[in-house]
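Trainee: let's see this in three dimensions:
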Amino acid sequence: MNDKLIIDNIVFEKYIDQNSIQERVQELTASLNKYYKGKQPVVIGILNGCIYFMMDLLKETTFDYSIEFIRAKSYIGMKSSKLSVDLFSSENIEGRDVLIIEDIVDTGKTITRIHNKINDLSPKDIQVATLLHKVDVNKSSIKISWIGFDIDDKFVIGYGLDYNSLFRNLKDIYIKDE
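Mentor: So this is what the prediction gives:
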C-alpha cells in the first residue's frame, strides 16, 4: 500500500482511502435515491474528472435518468488557466430536473459558469453533487446539495482527478505534500 507517491519530484500523500470514498459514495447515493424518487433527472457529468465518481454514484440508484456530459478544463499541470466549457446540445432540459456531477469544486468559477448556462435552458430544478469541495476557497453562491468531502486547499489527484491528464486511475485520493 503506497501512502506516498513522487511524481515529477512532487510528493503526494494519501489523503482519502478508497474504502472511505466508497462508503461516502454509498451515503450520497442513498440521499440521491430519496431526493429523485419518482423523478427522471438529466444527470450532467463534468468531464473528465467526474467519471469515476459519477459512475459509482449512479450504479446503485433506484431512479431513472438520462446522461449528458460537459467538458470543462481550467488546469494545466497544477496551474489554473483559462476556463473552457463545451456544453452539450442533444438533451432537452427545459422543465426537467437536472443533477450536475462534478469531481471537485475549487474556487467555484467552473460550477458557477456551468450552472448559469444550464439555468438559461429553463430546467425545473438544478442540483449539484461534488466529490470534493474546497470550502475555504469556494467563492461561488451556487448551492452544492451533495458533498463527498470538504478538503484543504491543496492540489489532489486520483479517483478521476488528474495531473497532466494522468493518475486518474488511482483508487485513493492523494494530496500534494507541502
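
Trainee: what pLDDT is listed against Leu5?
Mentor: What the model reports for Leu5 is a pLDDT of 85.

Trainee: sorry, wrong one. I was asking about Leu83.
Mentor: 59.

Trainee: same question, Lys79
Mentor: 57.

Trainee: then Asn9?
Mentor: What the model reports as pLDDT for Asn9 is 88.

Trainee: Asn48 now?
Mentor: 89.

Trainee: if I read this right, it contacts Arg71, doesn't it?
Mentor: Yes. In this structure, Asn48 is within contact of Arg71 by C-beta atoms under 8 Å, at 7.3 Å. Any C-beta I mention is one placed from the backbone N, CA and C, and that applies to glycine too.

Trainee: neighbour count winner among the two?
Mentor: Asn48 (17 against 13; other C-beta atoms under 10 Å).

Trainee: residues touching that one, list them.
Mentor: Counting by C-beta atoms under 8 Å, 6 or more residues apart in numbering, Asn48 makes contact with Arg71, Gly160, Asp162, Ser165, Arg168.

Trainee: residues near the second one, how many?
Mentor: Residues lying near Gly160 (other C-beta under 10 Å) number 24.

Trainee: so is the residue lying closest to it once chain neighbours are set aside in a helix, a strand, or just coil?
Mentor: Excluding the flanking residues, the one nearest Gly160 by C-beta to C-beta, 6 or more residues apart in numbering is Tyr52, at 3.9 Å. Assigned state for Tyr52: helix (three-state reduction, DSSP: H, G, I helix; E, B strand; the rest coil).

Trainee: where exactly do the strands run in the chain?
Mentor: 4-7, 10-16, 42-47, 66-76, 79-86, 97-105, 125-133, 146-150, 156-157, 173-176 (DSSP state E).

Trainee: and the angle from the third one to strand 97-105?
Mentor: Interaxial angle of strand 42-47 relative to strand 97-105 (axes from the mean of the first three to the mean of the last three C-alpha atoms, to 10 degrees): 20 degrees.

Trainee: list the helices and strands strand 42-47 packs on?
Mentor: Applying 3 or more C-beta pairs under 8 Å, 6 or more residues apart in numbering; DSSP states H and E, we find strand 42-47 packed against helix 51-59, strand 66-76, strand 97-105, helix 109-119.

Trainee: what are the contacting residues of the third one?
Mentor: Outside strand 97-105, the residues within contact range by C-beta under 8 Å, 6+ apart are 32, 36, 39-46, 49-50, 53-54, 57, 65, 110-111, 114-115, 118, 123-134, 138, 140, 144, 156, 160-161.

Trainee: ok, of those residues, which come out buried?
Mentor: Among the contacts of strand 97-105, those buried by neighbour count (16 or more other C-beta atoms under 10 Å) are 32, 36, 41-46, 49-50, 53-54, 57, 110-111, 114-115, 118, 123, 126-134, 138, 140, 144, 156, 160-161.
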